[in-house]
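Participant: Based on what follows, work out the 3D shape:
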Amino acid sequence: MSIVFDVGVSQIIGDRDFQEDRFVVTDPANTDLPFDKLDKILVSVADGMGGEVGGEIASQMASEAFARYVHKWYRQYDTVDVLRSALFKSNDVIAEKIEQNSQLQGMGCTLVAAMVSRGQLYWISVGDSHLYLIRNENLIKLNENHSYGAELDYQVKAGLLDEEIAVSNPDRNALNSCIVGEDIPFIDLPFEPTNLQPDDRILLASDGLDTLLENEIIDVNNDSQSAQNFADNLVKYVELKKSPEQDNTLVVVVELKKNLAKNKNLDESMESKTIKTVKIEKPKS
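Facilitator: Presented below is the predicted three-dimensional model:
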C-alpha cells in the first residue's frame, strides 16, 4: 500500500503542576526524510510517575532510549524482536538512573509504541496508556490495560462485582505493569501485525484521555479534518469537561493518507527526524 503520514500532536497539563507525559515521532530507520516521504514511522507515548521530578525523568529517558535502540537495530532484526528489546533497554536505563540516584527510587512510566511499516501496524505497550485504531467511524482498542481498574471492570462484566464498587475503588489507577527498572510482569506485544487501510487513524494517548467516553472520541474524530485538528480537538474537549484533578493528557494521531502530495499539518518543530520530546510547564499564577 502506497501511503504517507499525516501527524498531529497535542497535550495539556490539566490540574497537575508538571507535564510528565512524553512523546516521540521518528523514522525507525533514522533517516532525514520528511514524514510525507516515509513508508514507515515510529510513535510512542510515555506517562511518567513517581513525583514531580521522577515522573518526567522516567518518561523522557524511557522514550528516548526506546527510539535510539530502534534506530540502531531496525534494519538488522525482526520488528517484533526489536520492539521487545527496545522496551527492555528502556527499563534498563531507568534501573541505571535509580542506581545512580537513590532519591529517584519509585520513579517509572508507562509506554506504548506503534510502528507502521509497509501498511502494517506493530505495537508494544506496558501500563495503561492507550492505542486505538479508528476505521470507518469505529474506535478499536488494540492494547491491553495493565491496571487494577481493568481487572475490576472485567469482574463487573462477568457479574462478579457491583459497578459502583468497582468505580469507587481507591486503587483503580494502580498499575499491574510498568517500566520501573525491575521485572516487567505484563507486556502487550502481538506477534502478527494489524493490516492498515488508507484513511485509518492511529491514536496513542496517555490515560488523561479517559475523561472522554469512547463515543465522544468518535464524535470528535468525525468532526476533525486532519490529524492535527483531531489531536487539538481531543484535548480541547478534555478541558471542556472540567474534570476535577484532570491528569496530564497527551495524544498523538497518525493518519494514513494515499497519494497526499504534502503534509501541511506537521508542525515545523517536528520536521527534523531526530527524536522529539516536549515538556510543558504550568503557567505561573
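
Participant: quick one: contacts of stretch 88-104?
Facilitator: Residues outside stretch 88-104 that contact it (CB atoms under 8 Å, 6 or more residues apart in numbering): 50, 53-54, 57-58, 61-63, 65-66, 69, 105, 107-109, 111, 179-182, 184. Every C-beta, even on glycine, is put in place using the N, C-alpha and C of the backbone.

Participant: Mind doing that once more with 7 Å?
Facilitator: Outside of stretch 88-104, the residues within contact range by CB atoms under 7 Å, 6 or more residues apart in numbering are 54, 57-58, 61-62, 65-66, 69, 105, 107-108, 111, 179-181, 184.

Participant: List the buried residues of that stretch.
Facilitator: For stretch 88-104, burial by neighbour count (16 or more other CB atoms under 10 Å) applies to K89, S90, N91, V93, I94, K97, I98, L104.

Participant: Any idea how many residues pack against the nearest residue to D39 once chain neighbours are set aside?
Facilitator: Distances taken as CB to CB, 6 or more residues apart in numbering place R118 nearest to D39, at 6.2 Å, with adjacent residues excluded. Neighbour count of R118, defined by other CB atoms under 10 Å: 11.

Participant: go on, D219?
Facilitator: Around D219 there are 15 other residues, counting by other CB under 10 Å.

Participant: Pretty sure it sits in a strand.
Facilitator: No - counting by DSSP: H, G, I helix; E, B strand; the rest coil, D219 is not found in a strand; it is helix.

Participant: From G14, how far out is it?
Facilitator: Between D219 and G14 the computed distance is 21 Å (CB to CB, to the nearest Å).

Participant: Going by residue numbers, what spans are strands in the chain?
Facilitator: 4-12, 21-26, 40-49, 108-109, 111-117, 120-126, 130-135, 138-141, 194-195, 201-205, 249-257 (DSSP state E).

Participant: I'd like those strands written out as CSV, with mean neighbour count and mean pLDDT added.
Facilitator: What follows is these, written out as CSV (neighbours: other CB atoms under 10 Å; pLDDT from 0 to 100):
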stretch, mean neighbour count, mean pLDDT
strand 4-12, 23, 94
strand 21-26, 26, 96
strand 40-49, 26, 95
strand 108-109, 30, 96
strand 111-117, 24, 97
strand 120-126, 23, 97
strand 130-135, 21, 98
strand 138-141, 13, 96
strand 194-195, 14, 96
strand 201-205, 26, 98
strand 249-257, 25, 95
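
Participant: Figure out which of those strands is closest to K236.
Facilitator: Ranking the strands of the chain by proximity to K236 (CB to CB) places strand 4-12 first, at 8.3 Å.
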